[in-house]
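**Q** Quick one: sequence and predicted model below, then my questions.
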Amino acid sequence: MAQQTPLYEQHTLCGARMVDFHGWMMPLHYGSQIDEHHAVRTDAGMFDVSHMTIVDLHGSRTREFLRYLLANDVAKLKTPGKALYSGMLNASGGVIDDLIVYYLSEDFFRLVVNSATREKDLSWITQHAEPYGIDITVRDDLSLIAVQGPNAQAKAASLFNDEQRKATEGMKPFFGVQAGDLFVATTGYTGEAGYEIAMPNEKAADFWRALVEAGVKPAGLGARDTLRLEAGMN
């Protein structure tokens, strides 16, 4: 049976057509894929990406481990919060998955990996982490919402507290910051500016509803694909 994200009920209340996406029930659209696409390009839309897996890595040799694990070089990551896109390779140099890695401190890095390869990714990471003494935490306690579009950051920031607004003000692309109970990133999802916001599962539904009230349009997998294709991200 397909899994449900903590936002499943919100999708049904918004009239979503739900489909099985790599073992997760996810919204394909909320009535009009075209309207959702244009909302992201002209105003603000949001996507439930809680099916993706957040993995926290702790340990004094985490950077060394990730230099072994990933194709792109985390030695480039010198500023806390800076993110990097990379493939994760198998022993033959083939790609297991593509992912985002965040450098949060010298002994704390965060990965965001894809749902379709979750089990393979976690198995490979765990298999190779032990010699480096890495503590692995799979953050199934977090939900993830991508808010995208020219007005997305302003509308999302209207829900932030003072600490969160200060932490995210002027954030450059490909950064992430923990501010209160939100982890806010700017790695991009559709070719538009925006935030990818991780939060405790129990807060996700309220945050989603508040975004709707702020004028952010729910968008599904269909619009995600056309937006990414249009932006040259597929």
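**A** Now that the structure is in, tell me what you want to look at.
**Q** tell me the domain boundaries of the chain?
**A** Domain segmentation of the chain under automatic domain parsing yields 3-51+141-230, 53-138.
**Q** mind listing the strands in this structure by residue range?
**A** Ranges of strands in the chain, per DSSP state E, are 3-4, 17-21, 24-29, 45-48, 53-58, 83-89, 95-105, 108-113, 135-138, 142-148, 176-179, 182-185, 194-200, 217-218.
**Q** The fourth one pairs with which strands?
**A** Same thing as strand 45-48. strand 142-148 (antiparallel), strand 217-218 (parallel) (DSSP bridges).
**Q** do the fifth one as well
**A** Partner strands for strand 53-58, per DSSP bridges, with pairing direction: strand 108-113 (antiparallel), strand 135-138 (antiparallel).
**Q** want to throw the strands paired with strand 45-48 into a markdown table with distance to Leu7, mean pLDDT and mean neighbour count?
**A** Where you see a C-beta, it was placed from the backbone N, CA and C, and this is true even at glycine. A markdown table is the format used below for the strands paired with strand 45-48 (distance: least, Cβ to Cβ, whole Å; pLDDT from 0 to 100; neighbours: other Cβ atoms under 10 Å):
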| stretch | distance to Leu7 | mean pLDDT | mean neighbour count |
| --- | --- | --- | --- |
| strand 142-148 | 7 | 99 | 25 |
| strand 217-218 | 9 | 99 | 22 |
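**Q** Export the ones you listed to JSON lines and append columns for distance to Glu163.
**A** Below are those laid out as JSON lines (distance: least, Cβ to Cβ, whole Å):
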{"stretch": "strand 142-148", "distance to Glu163": "18"}
{"stretch": "strand 217-218", "distance to Glu163": "27"}
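**Q** For Asn90, find the nearest of those.
**A** Nearest to Asn90 among the strands paired with strand 45-48 is strand 142-148 (26.0 Å), distances taken as Cβ to Cβ.
**Q** Now do the closest one and strand 194-200, the angle between them.
**A** 160 degrees (axes from the mean of the first three to the mean of the last three Cα atoms, to 10 degrees).
**Q** Need the CA coordinates for stretch 188-201. CSV is fine.
**A** Provided in CSV are the C-alpha atoms of stretch 188-201 (Å, rounded to 0.1, in the frame of the first residue of the first chain):
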residue,chain,number,x,y,z
GLY,A,188,15.6,25.6,-6.3
TYR,A,189,13.0,23.2,-7.6
THR,A,190,11.4,24.8,-10.7
GLY,A,191,13.7,27.4,-12.1
GLU,A,192,12.1,30.1,-10.0
ALA,A,193,13.2,31.7,-6.8
GLY,A,194,11.7,30.3,-3.6
TYR,A,195,12.3,28.4,-0.5
GLU,A,196,12.4,24.7,0.4
ILE,A,197,11.1,24.6,3.9
ALA,A,198,11.5,21.6,6.3
MET,A,199,9.4,21.5,9.5
PRO,A,200,8.2,19.0,12.1
ASN,A,201,5.5,16.8,10.7
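**Q** Cool, thanks, signing off.
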